[in-house]
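[1] fold the following and give me the result.
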Amino acid sequence: MKRALHFGAGNIGRGFIGKIISEAGYEVIFADVNGQVIDQLNIDKEYEVEVVGENSKTDIVKNVSGIMSNDPEKVKEAGLRVSLITTAVGPNVLKIISGSFADVIKARKEKGLEEVLNIIACENMVKGTTFLKENIYEKLNESEKEYADKYIGFPDSAVDRIVPPVNAEGKKPTYVVVEEFYEWIVDRNLIKGDLELEGMIKTDNLMAYIERKLFTLNTGHAITAYIGKYKKYKTIDESIKDADIRNIVKGAMGESGEVLIKRYSFDREEHFKYIDKIIKRFENIYLKDDVERVGRQPLRKLGKNERLIKPLLGTLEYNTSNENLVTGIAYALKFDGSDEESVKLSSMMKEKGLAETLKEVTENSIGEDITARVESIYNKL
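    Modelled structure (predicted):
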């Protein structure tokens, strides 16, 4: 049986990537710092995934085990036995764990292994694997880099599945709830060897799909959360039922869609069907996706290459409308979440004001005219 090592045994790791890899015939070794989850995986060798939506079902994911990700010897030993390593740890953690990947590559080189290994970061970020690779290579010498260039593939990917945290009273800590829809798209040009895995879509134009997901699902999800939180809704499905929120969200996705159509020649009718599908996913009453969770890390989400600013910059590039995107940014600046970034954003707004805060977090990418429009909307809230 083929083996894979997956970093991140959280809900996304278990409910999305680990599930797909297991169902494709791999033994999956999860690496995480959550000892309770790792212990349960090693006891049961399986876990329960509840898939919710129009065709709800319960799946049992089998052939799994776990190791502590902060045990370097265990990680290296596992890394010697696998042909695929994936992550679902969050963009901010990739740099932290890059040393573990470097250690695996060094160990494989010392052992003289010539089997191909593919490493794929499955994160909500553009070119996450490339970012991980850069951090790994900083920790390798020249001969180790040469070995990695020959035997290690670093394909970038785009991932899409809503996996909310759940209060699973009476369930094991490995239990997870996911929506029916999922999409895992990988850059075939960066794969080493022959990686055939059911549930993974390989493409020659990954950036088109990365931006389609970022500009549609992520843009719409964030704006729904920011306006929903402002209007004191608890969940995404409650928020999207509000006609005003729905109109702004759908309008923003339409504006970002015009950018995608011009940039990548997406079929207009098909793309707007895709937008409708995303809205339908937001309406899924079974997910109970908390607006606080979706809105967290607003500083990152207001970055120039992220879900709010990047599509906005596209509208400036193609001279298309952007009123709803600008509105979404104004609500993002109002977000009063409890996570570290939200607290920092609130502090920045009080100390520096909107214009300086927006200039800093967007790396001065949007210009004074857009900033003035954002501020006008913000001041009316």
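[2] tell me which stretches of the stretch 201-350 of the chain form helices.
    Along the stretch 201-350 of the chain, counting by DSSP state H, counting those that start in this stretch, helices occupy 206-213, 219-230, 236-240, 243-264, 268-282, 291-295, 298-301, 309-318, 323-334, 340-361.
[3] hang on, residue 1 packs against residue 26?
    Yes - in this structure, residue 1 is within contact of residue 26 by Cβ atoms under 8 Å, at 7.1 Å. (C-beta placed from N, C-alpha, C; glycine too.)
[4] what is in contact with those two at once?
    residue 63 (Cβ atoms under 8 Å, 6 or more residues apart in numbering).
[5] more crowded one of those two?
    Each of residue 1 and residue 26 has its neighbours counted (other Cβ atoms under 10 Å); residue 26 has more, 22 against 6.
[6] what about the more buried one, distance to residue 3?
    To residue 3, residue 26 is 6 Å away according to Cβ to Cβ, to the nearest Å.
[7] check residue 102 too.
    Where residue 3 is concerned, residue 102 sits at a distance of 20 Å (Cβ to Cβ).
[8] before we move on, back to that, so which of the helices of the stretch 201-350 of the chain is nearest residue 144?
    Comparison of the helices of the stretch 201-350 of the chain against residue 144 by Cβ to Cβ identifies helix 206-213 as nearest, at 26.6 Å.
[9] which secondary structure elements does that closest one contact?
    strand 157-160, strand 183-187, helix 243-264 (3 or more Cβ pairs under 8 Å, 6 or more residues apart in numbering; DSSP states H and E).
[10] who are the packing partners of the first one?
    When contacts are defined as 3+ Cβ pairs under 8 Å, 6+ apart, strand 157-160 packs onto strand 183-187, helix 206-213.
[11] with only the CA atoms kept, save that strand in PDB.
    Below are the C-alpha coordinates for strand 157-160, written out as PDB (Å, rounded to 0.1, in the frame of the first residue of the first chain):
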ATOM      1  CA  SER A 157      -2.400  23.600  -5.400                       C
ATOM      2  CA  ALA A 158      -5.800  25.200  -4.900                       C
ATOM      3  CA  VAL A 159      -8.200  23.700  -2.300                       C
ATOM      4  CA  ASP A 160     -11.800  24.400  -1.700                       C
END
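[12] and the residue nearest the centre of this protein?
    Against the mean C-alpha coordinate of the chain, by Cα atoms, centre = their mean, the closest residue is residue 124 at 2.1 Å.
[13] how about that one, secondary structure?
    coil (DSSP: H, G, I helix; E, B strand; the rest coil).
[14] residue contacts, it?
    Contacts of residue 124 were listed using Cβ under 8 Å, 6+ apart, and they are 91, 159, 218.
[15] residue 15: which of those residues is nearest?
    Looking across the contacts of residue 124 and measuring by Cβ to Cβ, the closest to residue 15 is residue 159, at 11.7 Å.
[16] and that closest one, bridged to which residues?
    Taking DSSP bridges as the rule, residue 159 bridges to residue 184.
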